[in-house]
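Enquirer: With the sequence up front, the predicted model follows.
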Amino acid sequence: MALELVGGAFLSSFVSVLFDRLASRQVVDFISKQKVNYGLLRKLKMKLLSVNAVLDDAEDKQFRNPNVREWLDELKHALYVAGDLLDEITTEALGSQVHDLSSTNSTFEFDKSMEHKLFETLERLELIMKEKDEIGLKESFKDKPQPARSLEVSSLVNDFDVYGREEDKKFIINLLLSDNATDDKLSVVPVVGMGGIGKTTLAQLVYNDERVKLHFDLQAWVCVSVEFDILRTTQKLYGSITSQSCGVTELDLLQVKLKELLTDKKFLLVLDDVWNENNIDWDVFKRPFESGARGSKTIVTTRIESVSSVMGTVASHRLMQMSEEDCWLLFAKHAFKNADVLRSNPNLEVIGRQIVGKCKGLPLAAKSLGGLLRSELSIGKWENVLKSDLWDLSDREMNILPALWLSYHHLPSHLKRCFAYCSIFPKGYEFKRSELVLLWMAEDLLQPKNKKTLEEIGEDYFDILISRSFFQHLFDNYHHDPIYTMHDLINDLAKVVSGDFCIRLEEEESINNITILRIRNLKHLRHLDLSRSSIEKLPDTLCSLYNLQTLVLRNCGAISKLPSHFGRLINLRHLDLRGTGLKEMPPKMGKLKDLQVLTDFILDKHSGYNIAELKELQNLRGTLHISGLHNIIHVGDALEANMRDKKNLTELVLKWGDDIEDSQKDREVLDKLQPHENLKELVIEFYGGTRFPDWLGDESFSHLAYVRFSDCNFCCFLPPLGQLPSLRTLWIQRLNEVVSIGPEFYGSIRNGVLRPFRSLKELRIMNMNGVILVVIRKVEFFLIFVVSILVIVPS
C-alpha cells in the first residue's frame, strides 16, 4: 500500500503564494487605510518564513518518520486557514477599489474580524513550529534546482526516437499486413506489458509506418484508459475517423453511423491502454466493426493479460524490458543535447550508465531521468541522483517507480506544485496547454517574472514538464490545437505527491444542477467554466467575484446578455464568448484592462459607440471577433478603438450586417479599424463598402498569412493582396459586384520587378455571380465553385 504523503513541495510553493499576497499592492494599500494592526501581518510574514525554512527537510524525512507526516498534515491545515484569511483581505481590497469605498461601519466590522482571525492563525502556527525540534526538523538551505532555460525546451517532443523495438515492430507489422483467411473477420492483436514499458510508443510506430498506411483504407486511434465507457469511446472513435468531434449521444444511432463509415472498408483501429475485462462490454462495443472488409485489424494495448484473452483473436505479444544498452541510448538521447557534450564529459557517462541500471529497462523511467539531467553538467548533481535514498524505497511501499519519484523530487518547487495540481485529472484525461495554464493561474501557481505575462510563464512551465516526460503529446488527428495527456504511472505519481491538496471529481455533474444564485458565496473564485451549459442568464452577483480571472461561456447559446455591472470584474483576463447568443456587450468593458483574451465583441443598434471601449484593452492577444460593425454611428468611435496599437492580436474577424445603409461610412469604419502589422489572419464579412481601404494589401503586413473576404456584396474591386509577402491562403466568396480580377490584384511594380503572391499556396474563389477573369501566376491549390468564366494566364 502506498504511503499517505503530504505534499511538502506543495506547501513550500503555497507559502510562496502567501508571501506574494502579503506583498501585493492591493493588500498593502488597503491595510494602510484600515484599522487592522499592520504589525500582525508582519508577524505572519516572519512566521511563514520560519515555516518555509524547514519544509525541505520535512519533505525528505516524511518517508521514514510518521511523526513528520502528521506534523506536515497539521501545518497544511493551518496554512489553509492563513490562505483563506489573506484571500478575504484581498477580496475586500478589490471590492473597495471597485466601489471606491471609504471607512464605513461594514469596513469597521471587517477590521475587527480580521484582527481576531490573525491572532488565532498566529497562535496556531506558533504551536506547530514549537513541535519541529521534537521531531528533529532542521532549517534547510539546499540549492533549489533551476528549471531548464525555456529556449532549450520544445513542446514538439519526438516520441519516435525509439531504441530496441525493431523486432517487436516487425512482428506486429507482419501480423497487420497478413490477410490470411481466418474464422474471424476482424483480427485483434493484443500488446501486453507493464506500465511504462513502451506499449503506446510501439503502437504509434506501427500505426505511422508507411506500409501500414498504404495497406488500410481507414485508420483510427482511441485512448480508452481505466473507465471503459462504451458511448464515450465510440464517440472518440467516430471523431478520429471523421476528423470531427461527435455530438451524438444515443449509442444505437452512433453505432449505425460508425457502421456506415466502416462498411466494406479495410480498417486499422488502435485501442490504447485498455483495462476493461468484461466480455459483454467488448461484444457491444465491437458490433459496428463487423461491417468492415476482411483483413481489418485492431491493436489493443493493455497491462492485463486477461484483457487480451477477452478481446484477442491471436496470441498476445508481450513486450519485455529494454536491454540496458538500449535503455542507455534512450537516456542519453534525452540527457545530452548532442554527442559532443557526452564526449567532453566522459565521467557523466560512467555515472549515467549506473543510473540507467536502476531504471529496470523501463523507457518511461529512462526518458524521465534523462529529461531531469538534460543540460546539467555538474557531476555532483548526477551523483546526488545516483545515490539518492529514494532508490531504496520499494515499489510495493511507494506504489511509484523510484525513477519517477526522483524526477519529481528534483523539480523546482514551483513546478512541483504545478505538476501535483494535475492530480485532479482522471487517468486518460485529455487537455490543452492553454486550458491547464489558466487553471494554474487561477491557483496562483505562476510566479511573475520580468515583463512576461502570466500566460507566457505558464507556457514555459508546461514546456519544461513536457521536456521531462511528465506530459505526453497525444496522438490525435482531428483537434486543431495539440492535445496532451499523462501516462498512468505519472498520474499515480501526481496523486501521491498532492495528497489531499487537490480533490478529483470522478463523476461529472451538470452545471445546471448548481443553484446559480449561490454564486455570491464563491467570492474567492478565480476560474469559472460554464461552457456547453443551458444556462439562460448570469446573475448580477457574478459581478462581485472580484478575483475572477477566467470566465468561459463557450457554446452557451441561451445567454443573450451579460450583467450590466460586468465592468467590475477588474481581474478578468480571459473571456470566452464563442457560441453564445449575445446581442450586445455590457457598458464599461474598458475597465477590464487586464483582459488578455476576448473572443467576441458584439455591437447592436443601440450600442455602436461601445466600440470605443476597446481603446483601454491594450493587452488583447490571440483572436478577436467584432460583429455588428454596421451599427457604428460615428466613424470616430472606430478610431477610438485604437486597433492599430494592439500588437498581440494575431487573428481579427470584422463582421458587418446584412442591411447596408451607408456604403461610404462602412469604408471609413474599416479604414479606422486598421490593425497592427503583427496580424496573421484577417476575415472580413458582409462589408458594405465599394472598395477596400489602402492599408489592406500594404506590404507592411508582413506576417499576414490568411485572408478571407465573404459576402461583401457592394465591393467592386479587390485590394492589391499580391503585395503581402507571407500570404499563403486566400478565400474570396460571394463578392457579386466583382466582375474582373486582373493586374491590380498583383500590386505595384517596385524597381522594375513584379513579384506577386510570393507565398501563396491556396486560392479559393467561390460563389461569384459575375463574369470573372482571373490572372494568377502561382497557385498550388485551386478550387472554383459557380464561376461563369475562368481564364488562367500562366507566367
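Expert: On my side now, so go ahead. Numbers count the residues shown, from 1 in each chain.

Enquirer: out of all of them, which helix in the chain is the longest?
Expert: helix 66-99 (DSSP state H).

Enquirer: Mind checking the pLDDT average for it?
Expert: Mean pLDDT, helix 66-99: 82.

Enquirer: other SSEs contacting the next helix-or-strand element following it?
Expert: Note on helix 66-99: by DSSP states H and E, the next helix or strand toward the C-terminus is helix 105-130. Judged by 3 or more Cβ pairs under 8 Å, 6 or more residues apart in numbering; DSSP states H and E, helix 105-130 is in contact with helix 38-61, helix 66-99. C-betas here are computed from N, CA, C, even on glycine.

Enquirer: List the buried residues in the helix or strand following helix 105-130.
Expert: Counting by DSSP H and E, the element after helix 105-130 in chain order, helix or strand, is helix 166-177. Neighbour counts over helix 166-177 (16 or more other Cβ atoms under 10 Å) mark 168, 172, 173, 175, 176 as buried.

Enquirer: now stretch 628-636
Expert: For stretch 628-636, the neighbour count (16+ other Cβ under 10 Å) marks 628, 629, 630, 631, 632, 635 as buried.

Enquirer: List the contacts of stretch 631-642.
Expert: For stretch 631-642, the surrounding residues in contact (Cβ atoms under 8 Å, 6 or more residues apart in numbering) are 603-609, 611-615, 618, 629, 657, 665, 668-669, 672-673.

Enquirer: before we move on, what about stretch 717-725?
Expert: Against stretch 717-725 from outside (Cβ under 8 Å, 6+ apart): 690-692, 696-699, 701-702, 704, 707, 709, 727, 730, 732, 735, 738, 741, 744-748, 756-759.

Enquirer: which one is residue 86 nearest to, not counting chain neighbours?
Expert: Sequence neighbours aside, residue 21 is the residue nearest to residue 86 in space, at 4.4 Å (criterion: Cβ to Cβ, 6 or more residues apart in numbering).

Enquirer: how far away is that neighbour from residue 323?
Expert: Counting by Cβ to Cβ, to the nearest Å, the gap from residue 21 to residue 323 is 52 Å.

Enquirer: Which residue, other than its chain neighbours, is closest to residue 576?
Expert: The shortest distance from residue 576 to any non-neighbouring residue, by Cβ to Cβ, 6+ apart, is to residue 552 (4.5 Å).

Enquirer: got the angle for the strand or helix carrying residue 18 vs helix 66-99?
Expert: Assessed by DSSP H and E, residue 18 sits inside helix 8-23. Per axes from the mean of the first three to the mean of the last three Cα atoms, to 10 degrees, the angle that helix 8-23 makes with helix 66-99 is 30 degrees.

Enquirer: Give the next helix or strand downstream of helix 8-23.
Expert: Sequence-wise, the next helix or strand beyond helix 8-23 is helix 25-33, with elements assigned using DSSP H and E.

Enquirer: which residues sit against that following helix?
Expert: 21, 38, 41, 86, 89, 90, 92, 93, 94, 96, 97, 103.

Enquirer: Please verify my assumption that residue 457 contacts residue 448.
Expert: Yes - if you go by Cβ atoms under 8 Å, residue 457 and residue 448 touch, sitting 7.2 Å apart.

Enquirer: out of the two, which sits in the busier spot?
Expert: The neighbour comparison of residue 457 against residue 448 (other Cβ atoms under 10 Å) goes to residue 457, with 21 against 10.

Enquirer: before we move on, the earlier item: what number of residues lie near the residue nearest to residue 86?
Expert: Neighbours of residue 21 under the rule other Cβ under 10 Å: 17.

Enquirer: What of residue 81?
Expert: Neighbour number of residue 81 under other Cβ under 10 Å is 14.

Enquirer: what do you get for residue 391?
Expert: 14.

Enquirer: in this structure, what secondary structure element scores lowest on mean pLDDT?
Expert: Least confident element among the helices and strands of the chain, by mean pLDDT, DSSP states H and E: strand 781-785 (a mean of 50).

Enquirer: how long is stretch 22-40 from one end to the other?
Expert: One end of stretch 22-40 sits 11 Å from the other (Cα to Cα, to the nearest Å).

Enquirer: So residue 251 versus residue 257, what's the distance?
Expert: Note on residue 251: its distance to residue 257, by Cβ to Cβ, is 11 Å.

Enquirer: who touches stretch 444-457?
Expert: Under Cβ under 8 Å, 6+ apart, the answer for stretch 444-457 is 13, 16-17, 20-21, 414, 417-418, 421, 434, 437-438, 440-441, 458, 460-461, 573, 596, 619, 621.

Enquirer: if you set the cut-off to 6 Å instead, what comes out?
Expert: For stretch 444-457, contacts defined as Cβ atoms under 6 Å, 6 or more residues apart in numbering pick out 17, 414, 417, 418, 437, 440, 441, 458, 596.

Enquirer: got it, and stretch 191-199?
Expert: For stretch 191-199, the surrounding residues in contact (Cβ under 6 Å, 6+ apart) are 301-303, 305, 308, 316-319, 362-364, 488-489.

Enquirer: And the pLDDT at the nearest residue to residue 588 once chain neighbours are set aside?
Expert: Nearest in space to residue 588, with sequence neighbours left out and distances taken as Cβ to Cβ, 6+ apart, is residue 567 at 3.4 Å. On pLDDT, residue 567 comes in at 93.

Enquirer: quick one: residue 567 and residue 590 touch, right?
Expert: No - shown here, residue 567 and residue 590 do not form a contact pair, counting by Cβ atoms under 6 Å, at 7.5 Å.

Enquirer: the more surrounded of those two?
Expert: Between residue 567 and residue 590, residue 567 has the larger neighbour count (other Cβ under 10 Å), namely 20 against 16.

Enquirer: Let me have the contacts of stretch 191-199 in JSON lines, adding neighbour count, distance to residue 284 and pLDDT as columns.
Expert: Putting those into JSON lines (neighbours: other Cβ atoms under 10 Å; distance: Cβ to Cβ, whole Å; pLDDT from 0 to 100) gives the following:
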{"residue": "301", "neighbour count": "26", "distance to residue 284": "21", "pLDDT": "92"}
{"residue": "302", "neighbour count": "25", "distance to residue 284": "18", "pLDDT": "90"}
{"residue": "303", "neighbour count": "16", "distance to residue 284": "23", "pLDDT": "85"}
{"residue": "305", "neighbour count": "13", "distance to residue 284": "22", "pLDDT": "84"}
{"residue": "308", "neighbour count": "23", "distance to residue 284": "19", "pLDDT": "84"}
{"residue": "316", "neighbour count": "19", "distance to residue 284": "22", "pLDDT": "89"}
{"residue": "317", "neighbour count": "20", "distance to residue 284": "26", "pLDDT": "92"}
{"residue": "318", "neighbour count": "14", "distance to residue 284": "28", "pLDDT": "90"}
{"residue": "319", "neighbour count": "18", "distance to residue 284": "28", "pLDDT": "88"}
{"residue": "362", "neighbour count": "23", "distance to residue 284": "35", "pLDDT": "86"}
{"residue": "363", "neighbour count": "25", "distance to residue 284": "34", "pLDDT": "88"}
{"residue": "364", "neighbour count": "25", "distance to residue 284": "33", "pLDDT": "86"}
{"residue": "488", "neighbour count": "18", "distance to residue 284": "25", "pLDDT": "83"}
{"residue": "489", "neighbour count": "20", "distance to residue 284": "30", "pLDDT": "82"}
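
Enquirer: Make CSV out of the residues you listed and add secondary structure.
Expert: Shown next, in CSV, are the contacts of stretch 191-199 (DSSP: H, G, I helix; E, B strand; the rest coil):
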residue, secondary structure
301, strand
302, strand
303, coil
305, helix
308, helix
316, coil
317, strand
318, strand
319, coil
362, coil
363, helix
364, helix
488, helix
489, helix
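
Enquirer: From those residues, pick the one nearest residue 65.
Expert: Comparing those against residue 65 with Cβ to Cβ picks out residue 489 as the nearest, at 26.2 Å.
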